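# Sequence plus the predicted model coming up.
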Amino acid sequence: MAEQEGLRMDVRVDSSKCQGHGRCNTLCPEVFVLDEEGFATVDSSAVAQADPARIHSAAANCPENAITVS
Ligand code: SF4
């Protein structure tokens with residue numbers, strides 16, 4: 001069930017909102033990768049294998065609401 005949800009998830013970080021707090025990386029480092037300046041990017045290839053609950057948790061805990069999950 002969880003894996004099936006992950007396969008359907010589209011995870012994005014709005015780079016215009018991201019302020020580099022890194023909470024997403026703390027909560028789900030396999031999906032939210034920080035660049036050299038600390039801003040988050042999404043490793044799309046990791047989404048399907050990741051725990052959907054942790055992806056949702058990262059999105060919910062982003063102070064800038066920069067993460068969307070659909
Ligand atoms: S938690 Fe939000 S603001 Fe912080 S690095 Fe992640 S996407 Fe950017």
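Sure thing, it's come through.
# Let me see the contact set for the closest residue to Ala59 other than its chain neighbours.
Nearest non-adjacent residue to Ala59, counting by C-beta to C-beta, 6 or more residues apart in numbering: Ile67, 4.0 Å away. No exception for glycine: its C-beta is placed from N, CA and C like everyone else's. Residues near Ile67 by C-beta atoms under 8 Å, 6 or more residues apart in numbering: Val11, Arg12, Val13, Asp14, Cys24, Phe32, Ala40, Ala58, Ala59.
# Buried ones only from those, please, as a ChimeraX command.
This is how ChimeraX selects the buried members of these, with burial counted by 16 or more other C-beta atoms under 10 Å:
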select :11,13,24,32,40,58,59
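# Am I right that Cys59 sits in a helix?
Check again: residue 59 is Ala, not Cys. Yes: under DSSP: H, G, I helix; E, B strand; the rest coil, Ala59 falls within a helix.
# What parts of this protein come near the ligand?
Selection of the chain residues close to the ligand by C-beta under 6 Å from any ligand atom yields 13, 18-24, 32, 40, 62-64, 66-67.
# residue boundaries of the strands in the protein?
11-13, 32-34, 40-42, 67-69 (DSSP state E).
# mind checking which of those is nearest Gln49?
Nearest of those to Gln49, taken as C-beta to C-beta: strand 11-13 at 12.5 Å.
# Which other helices and strands does that closest one contact?
Helices and strands touching strand 11-13, by 3 or more C-beta pairs under 8 Å, 6 or more residues apart in numbering; DSSP states H and E, are strand 40-42, strand 67-69.
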